[in-house]
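In: sequence? don't have it. structure:
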Ligand code: GAL
């Protein structure tokens, strides 16, 4: 044997360095695998809670805060898609800056101590323009999307490999010490693969082996793909996934999209999902063997620019998520889910140690026990019916509201019932203030608007002529929402539709998504499709003149399709027929096949008006209610740090830019149907149309302006208005003052924090009602309502019941007023007993200022 001193010096150094290197990789890298029950991190099965935050739907300045609030809400994992068309708008020209700085986003997730799930797709759906595909992809000769097609596969592989390499270079995979524990390839292809025939199967097999060959060192999943080949884990999507089983006994039961609400469309009412139902879905999933669940979305955010899909997806992508569009905590959703996550985590050891055993003690009742030989025991009791029941389990009886799950981490005490909310409710409100800032503005121009008219019809040099009507997306390649179709036609005075008493009608048919028809330079009429049917067919009464008449049709898209088989081929624009009809004698002239002149985009887009540059006019008087007009103003930001929105009430439809950054399409004149918003009971199966609010009102009036996009003064707001509006009505709205409510009953499970402390004294003190002002620098300023006994109603409309303690209001006022937060025991020991033998609860409504 050679002694240590016999190794030559350089060699010793080499050995030392390699040991260091090995240590470095082994001590930081973790091994992520899976078995039939769970993902294993370094050999240990884990129960994980995940949430989606799409990085381009907020600003990089917001990310750290969003991630921290997710962590505080009990998430272990942040999930995001990767948005190909954001990163590669032009083939081989990449953008990973600002909102698209994926590496920074993933690093922030890691720095917060959370894991990441990177869903590369690169088809993502996501209500994102064209499902995430760049438009140039469509123009590659011979390409067919999402099937066994060489040109498509080559591009998909190139982009996927690029993202994987980027992550590897930055050491972002868990195998390298980074946060990414999971990746997804494709998305929900299983929903539509039958339309692609036998090629679907070979495509999915190819996608699987392509992904695996990229050697990320962490598992891959396919979401909604029953035939995902090994080793890819097929995962579930939906409002509930408790009945899901993976396609192999070796794969864990995972839920990649639990829809925490639903998306909003222009023209639709605002969907929401009650947290009692969301929590029920989550608890049912972990009850029946699930170990990984992801909220889609945890923060929905904003579709800035022209990033919405659809068509007709609104600019807000709030999604009724636990963090609202502005990144603020939504209560009670966030808080109740936080309590839920804690309760589930209290069961983690038992959940990963054994298989669940489920029995049914009665109709609509299910009891699941996770019990180990080593003495661990956790149980879930479910009432699947809509009426309340009592469940007897382990010698105790448990009161179960309908459609709820009780979680018993020790098989005895209830840590949480999904329908009993301990967390407070917050109703935030927007405070409006005028955009006019003369009084306190140093900038004299800050209150005034200037404008530039967008020409009607052809105004750009690159206009071109073609016989017949062109499909829009193939023509514009989505460089703009707008395509002009222009024609001039000569009307002889002896033409029948000019005869006295007859009304000429312009008939236009379009594949969508909306159009404005101008005749002889004047807006004659408009038409718009909707999320259900993008097509437009309009009959517009027009007045023609003998001789030359111009017909200028402005066709527009409102987000390209993102879902369904062959969504990429759906098409838009005025494909005809376009006809002039003389109504009285039925004579019709079909203009479709004539020579049309086309212009892609607007003159103002070519001039870059969105940045505020160019010669803007301020005289003679501000034109209002005029179509096709660019408006500009300068403004000071509302003081403070509260999130800002612009209220576009009074405007028609268009796009808005703040300091050159597009805050999205605005469309306050697109109003939802008056019906469909009936009372929504959380009990019973949820669907995307079950719970709607805002019926008969504009789908979206408030538009998010990220704080980081504005300076304190000298900001520029530019609008392009299509239909006509009054910009002087535009106001700021800052989200701030809040109503807080909480309603806790004597029989409520103990708050999870107390539950886990297991202190006898705390247990005896009983359930606690807590309130906390959500905004910095606010304190509880008044107690609008407090009642202990049998109060009724919901937040904002509580009323006293027959039984009420006279002391409740003063006790609550004393405990809360002037403080940022307060807690009061919801029990007779704190509040006295106004009616013995009656089940009592404490309801409080407070305001913050
Ligand atoms: C899923 C899809 C998501 C999103 C969601 C609805 O089917 O995978 O990307 O579109 O529907 O919000």
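Out: Received it, and whenever you're ready, just let me know what you need. Everything numeric here is computed off the predicted structure, so don't read it as measured data.
In: burial of the closest residue to the ligand within the chain, as a residue count?
Out: Nearest to the ligand in the chain, going by C-beta to the nearest ligand atom, is residue 125, at a distance of 3.3 Å. All C-beta spots, glycine's among them, are computed from the backbone N, C-alpha and C. When neighbours are defined as other C-beta atoms under 10 Å, residue 125 has 20 of them.
In: Next one, pLDDT for it please.
Out: Per-residue pLDDT puts residue 125 at 98.
In: likewise residue 12?
Out: Value listed for residue 12 in the pLDDT field: 53.
In: again with residue 777
Out: Residue 777 is given a pLDDT of 83.
In: Then residue 586?
Out: 63.
In: How much space separates the residue of the chain closest to the ligand from residue 265?
Out: Counting by C-beta to C-beta, to the nearest Å, the separation of residue 125 from residue 265 is 15 Å.
In: before we move on, what about residue 188?
Out: 19 Å.
In: So for these two, which residue has more residues nearby?
Out: residue 265 (24 against 18).
In: Quick check: which element contains the residue of the chain closest to the ligand?
Out: Residue 125 is part of no helix or strand, with elements assigned from DSSP states H and E.
In: if I pick the spatially closest residue to residue 593 that is not a sequence neighbour, what's in contact with it?
Out: Closest residue in space to residue 593, ignoring its immediate chain neighbours: residue 468 at 5.4 Å, by C-beta to C-beta, 6 or more residues apart in numbering. By C-beta atoms under 8 Å, 6 or more residues apart in numbering, the residues touching residue 468 are 592, 593, 594, 596.
In: swap in residue 371?
Out: Taking C-beta under 8 Å, 6+ apart, one finds 350, 354, 357, 377, 411 in contact with residue 371.
In: Output those as a markdown table; include the columns pLDDT, secondary structure and neighbour count.
Out: Output for the contacts of residue 371, formatted as a markdown table (pLDDT from 0 to 100; DSSP: H, G, I helix; E, B strand; the rest coil; neighbours: other C-beta atoms under 10 Å):
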| residue | pLDDT | secondary structure | neighbour count |
| --- | --- | --- | --- |
| 350 | 98 | helix | 23 |
| 354 | 96 | coil | 18 |
| 357 | 98 | strand | 11 |
| 377 | 97 | strand | 18 |
| 411 | 97 | coil | 17 |
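In: Using JSON lines, lay out those residues together with distance to residue 567.
Out: JSON lines is the format used below for those (distance: C-beta to C-beta, whole Å):
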{"residue": "350", "distance to residue 567": "44"}
{"residue": "354", "distance to residue 567": "44"}
{"residue": "357", "distance to residue 567": "44"}
{"residue": "377", "distance to residue 567": "49"}
{"residue": "411", "distance to residue 567": "49"}
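In: Enumerate the residues of the stretch 301-450 of the chain near the ligand.
Out: On the criterion C-beta under 6 Å from any ligand atom, the ligand has no neighbours in the stretch 301-450 of the chain.
In: remind me which residues of the stretch 301-450 of the chain are low pLDDT?
Out: 436-447 (pLDDT under 70).
In: how about the strands in it?
Out: Ranges of strands within the stretch 301-450 of the chain are 357-362, 365-371, 377-383, 389-393, 396-400, 404-408, 416-417, 425-434, 449-453, based on DSSP state E, counting those that start in this stretch.
In: Give me the sheet partners of the shortest one and which way each runs.
Out: Partner strands for strand 416-417, per DSSP bridges, with pairing direction: strand 404-408 (antiparallel).
In: Tell me the spacing between the residue most central in space within the chain and residue 313.
Out: What sits nearest the mean C-alpha location of the chain, by C-alpha atoms, centre = their mean, is residue 300, with 2.8 Å. Plainly put, residue 300 is 11 Å away from residue 313 if you go by C-beta to C-beta.
In: list residues touching both of the two?
Out: residue 263.
In: and the angle from the biggest strand by length in the chain to strand 425-434?
Out: For the chain, the strand with the greatest residue count under DSSP state E is strand 731-745. For strand 731-745 against strand 425-434, the angle between stretch directions is 160 degrees (axes from the mean of the first three to the mean of the last three C-alpha atoms, to 10 degrees).
In: Paired strands for strand 731-745, with orientation please.
Out: Applying DSSP bridges, one finds strand 731-745 paired with strand 425-434 (antiparallel), strand 644-647 (antiparallel), strand 841-848 (antiparallel).
In: need the ones you listed in JSON lines with distance to residue 164 and mean neighbour count, can you?
Out: Compiled in JSON lines, those are given as follows (distance: least, C-beta to C-beta, whole Å; neighbours: other C-beta atoms under 10 Å):
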{"stretch": "strand 425-434", "distance to residue 164": "41", "mean neighbour count": "17"}
{"stretch": "strand 644-647", "distance to residue 164": "38", "mean neighbour count": "23"}
{"stretch": "strand 841-848", "distance to residue 164": "47", "mean neighbour count": "24"}
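In: List just the one of those strands that sits closest to residue 830.
Out: Nearest to residue 830 among the strands paired with strand 731-745 is strand 841-848 (8.7 Å), distances taken as C-beta to C-beta.
In: chain center to that closest one: distance?
Out: 30 Å (C-alpha atoms, centre = their mean, to the nearest Å).
In: average pLDDT for that strand?
Out: Strand 841-848 comes out at a mean pLDDT of 96.
In: near the ligand, which residues of the protein?
Out: Near the ligand, when you scan the chain using C-beta under 6 Å from any ligand atom, you find 124, 125, 126, 127, 187, 188, 237, 257, 263.
In: Mind checking which of those are buried?
Out: 124, 125, 126, 127, 187, 188, 237, 257, 263 (16 or more other C-beta atoms under 10 Å).
In: which phi and psi does the third one have?
Out: When quoted as degrees, to the nearest 10, the phi and psi of residue 126 stand at phi 60, psi 20.
In: which residues sit in contact with it?
Out: 54, 81, 83, 132, 309, 562.
In: that older thread, give me the nearest residue to the residue nearest to the centre of the chain, chain neighbours excluded.
Out: In space, and not counting its chain neighbours, residue 300 is closest to residue 319: 3.2 Å by C-beta to C-beta, 6+ apart.
In: Many thanks, have a good one.
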